[in-house]
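Asks: Here's my sequence, what's the structure:
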Amino acid sequence: MIARRMKWLSSIRGRFLVLSALTVGLALALTAALLVSLFSNNIRKRIDLELTNQINTLAGALTFDAGGRLVRPSGPLDPRFGIPYGGLYWQVVDDAAAQTMRSVSLFDTELNLPADTHTDGTIHHYLLPGPENRTLIVLERMVRISAPGGQRAIRIAVASNGRALEEARNGFVRDFAPALAALGLFLVGASIAQLAFGLRPLSSLSEGINRIRERRDSRLTGDYPAEFQTTVTAMNQLLDAQGAMIEKARRRAADLAHGLRTPLTVLSNDALTLRDRGETALADELDHLAATMRAHVERELALSRIAARPDLRRGDSDIAKLVGDVIRTVSRTPDGEEITFATEGPAALTAPVDPGDFREIVGNLIENAAKWAKSRVLVAWGADDGRIWFRVADDGPGVPKEELANLTRRGWRLDSAKPGSGLGLSIVREIATVYDMEFELENDAKSGGLCARVTMAAV
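Replies: Residues are numbered from 1 along each chain as shown. As a prediction, the model looks like this:
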């Protein structure tokens, strides 16, 4: 599970989605913080404006009696001032007369105003504890009012319950949170749609490369964005060059093999001439050298046709068709004319092996079985648990158990009297190694002959 997640995060799509989710989340968080801040500032300004107006109203309602003491204002004030803990409070301080008046709403509470230095008209802002242990937003202003004996500096403080600001802010958050969440979902969905549309050409490029790897196409075709065109052109040029080099190498290998066959034939004829003259030892040596060189040529020619890697194969192999073609060919040979070939397997089963390589496997195994069989060769194939298997069994004499491992050695022959180069099974082993197949040789329990089995992954 962890490896799957890491693989997903290592992809462009995974990285883009994670980055998109993070950036959208961060942007929405910053937007929410900004909106809440703006809303709170706006509400605070409205509260400050209301409190300032209350200060001005209260200042206009203040009077002094004949003794020079402040008289409780009786003008048109906000009704909340007259309700205990009503949420709106005032306090007037006359420092010169050591007199303090409070609104009825303060009840038994007094605002603990800081001993600041005031100038005329300057408003001071405080957050102070108030009734019922609630925080109050307090505005204080010093005004000069005419009194007996001249103007007197009076400090007027008006306070509002801070809970109103908090409730307004919380209500605002509750109202806009669903809209913000919907916006976040829309932005993430838009990012996913943008990603799907933007990466579509990349998916097409990947599909094109897979088609080439599976040998369904030899070049990248289709319309690609201008940003990919340079890559597509370079890839096609590389594929063309690689194909030309492989074809050239195969032609040269074939030419080399053809060029060597003629001298080897001459060498064999010279050996016959020497044997006719009675120089048997030298003739045998020449025959041995010619056979060895011919085996090398045939082996290298066969290996030159094998795909270097499974993903470089030209296509997949139709097992039933290849088996039928090989049996028709082998049945016309001297070894196959007297043999009955039986087949067992589904008609529509393909192996992920290059057709030329699989023909080498089928051909070598069936030819070897026909060489040693008494009367019957069974060729069977099938698929089990995601694995494809191919099996060839004959009813010949079989092979001693201690010699089974030698059968795939290059040039090793169980019976030198039998015609052949001893390369067939070694070539099968080479192909099996390239395709990561399991190649097993054993004596068949039913017929007693040799059974060769090749097993490979289905994909």
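
Asks: Let me know how buried I339 is, in neighbour terms.
Replies: Using other Cβ atoms under 10 Å, I339 has 21 neighbouring residues. (Each C-beta comes from the backbone N, C-alpha and C, glycine too.)

Asks: Going forward, count from 521.
Replies: Will do, 521 is the new start, and the previous item becomes I859.

Asks: any idea how far it is from D914?
Replies: 8 Å (Cβ to Cβ, to the nearest Å).

Asks: between these two, what contacts are shared?
Replies: Common neighbours of I859 and D914, counting by Cβ atoms under 8 Å, 6 or more residues apart in numbering, are A890, A893, R896, V897.

Asks: Out of the residues you listed, which sit inside strands?
Replies: R896, V897 (DSSP state E).

Asks: Scan the shared contacts of I859 and D914 and report the most crowded one.
Replies: Neighbour count (other Cβ under 10 Å) singles out V897 as the most crowded of the shared contacts of I859 and D914, with 30 neighbours.

Asks: Figure out how far stretch 794-811 is from the centre of its chain.
Replies: Distance, stretch centre to chain centre, for stretch 794-811: 67 Å (Cα atoms, centre = their mean, to the nearest Å).

Asks: can you check stretch 950-967 too?
Replies: Stretch 950-967 sits 37 Å away from the centroid of its parent chain (Cα atoms, centre = their mean).

Asks: What are the buried residues along that stretch?
Replies: Going by neighbour count (16 or more other Cβ atoms under 10 Å), the buried part of stretch 950-967 is E950, I951, A952, V954, Y955, M957, F959, L961, N963, D964, S967.

Asks: Equivalent analysis for stretch 750-759, please.
Replies: Judged by neighbour count using 16+ other Cβ under 10 Å, the buried positions of stretch 750-759 are V752, M755, L759.

Asks: what's the answer for stretch 969-979, then?
Replies: For stretch 969-979, the buried set under the neighbour-count rule, 16+ other Cβ under 10 Å, comprises G969, L970, C971, A972, R973, V974, M976.

Asks: So what sits opposite the fourth one in the bridge?
Replies: In this case it means A972. Beta bridges link A972 to V912, L961, judged by DSSP bridges.

Asks: ok, now which ones touch it?
Replies: L885, N888, A889, R911, V912, A913, L945, V948, F959, E960, L961.

Asks: do the first one as well
Replies: If you count contacts by Cβ under 8 Å, 6+ apart, G969 has them with A889, W892, A893, K894, A913, D914, D915, G916, P917, G918, N963.

Asks: That one and V912, how far apart?
Replies: 10 Å.

Asks: so what's in contact with those two at the same time?
Replies: When contacts are counted by Cβ under 8 Å, 6+ apart, G969 and V912 are jointly contacted by A889.

Asks: and I657, what are its bridge partners?
Replies: Assigned bridge partners for I657, using DSSP bridges, are L647, S680.

Asks: what pLDDT does the nearest residue to K891 once chain neighbours are set aside get?
Replies: Distance criterion Cβ to Cβ, 6 or more residues apart in numbering; nearest residue to K891, sequence neighbours excluded, is D855 at 4.9 Å. In this model, D855 is scored at 82, pLDDT.

Asks: Equivalent analysis for the one 4 residues further on, please.
Replies: Looking at I859, its pLDDT is 89.

Asks: for it, what are its contacts?
Replies: Contacts of I859 were listed using Cβ under 8 Å, 6+ apart, and they are S851, A890, A893, S895, R896, V897.

Asks: if we can go back for a sec, helix, strand, or coil at the residue nearest to K891?
Replies: coil (DSSP: H, G, I helix; E, B strand; the rest coil).

Asks: For it, give its distance to F878.
Replies: Computed as Cβ to Cβ, the D855 to F878 distance reads 21 Å.

Asks: ok, those two, which is more surrounded?
Replies: F878 (26 against 18).

Asks: That one belongs to a helix, doesn't it?
Replies: Yes: the assignment for F878 is a helix, going by three-state DSSP.

Asks: Now for it: which residues touch it?
Replies: For F878, the contact set (Cβ under 8 Å, 6+ apart) comprises S837, I839, L842, A871.

Asks: and with 10 Å instead?
Replies: Counting by Cβ atoms under 10 Å, 6 or more residues apart in numbering, F878 makes contact with 833, 836-839, 842-843, 846, 870-872, 910, 951, 955, 974, 976.

Asks: Distance of it relative to P668?
Replies: 121 Å.

Asks: now swap in D598 and tell me
Replies: 29 Å.

Asks: Looking only at neighbour counts, state which of these two leads.
Replies: Taking neighbours as other Cβ under 10 Å, D598 and P668 compare with D598 leading, 19 against 11.

Asks: so what's the nearest residue to that one once chain neighbours are set aside up against?
Replies: Setting aside the residues directly before and after it, D598 is nearest to L608 in space (Cβ to Cβ, 6+ apart), at 5.6 Å. By Cβ under 10 Å, 6+ apart, the contact set of L608 is 570-571, 574, 597-602, 623, 625, 656, 678-681, 684.

Asks: So, low pLDDT: which residues of the stretch 521-670 of the chain?
Replies: Applying pLDDT under 70 to the stretch 521-670 of the chain flags the ranges 521-533.

Asks: For it, which segments count as strands?
Replies: In the stretch 521-670 of the chain, the strands defined using DSSP state E, counting those that start in this stretch lie at 583-584, 590-591, 608-614, 619-622, 643-649, 655-667, 670-681.

Asks: looking at those strands, which is buried most?
Replies: strand 608-614 (a mean of 22; mean count of other Cβ atoms under 10 Å).

Asks: tell me the domain ranges of the protein?
Replies: Domain ranges of the chain: 521-718, 746-824, 833-977, per automatic domain parsing.

Asks: Give the closest residue to the residue in the chain sticking out farthest from the centre in space, chain neighbours not counted.
Replies: Note on the chain: the largest C-alpha distance from the chain mean falls to A586, namely 89.2 Å (Cα atoms, centre = their mean). In this structure, A586 finds its nearest non-sequential neighbour in P668, 6.8 Å apart by Cβ to Cβ, 6+ apart.
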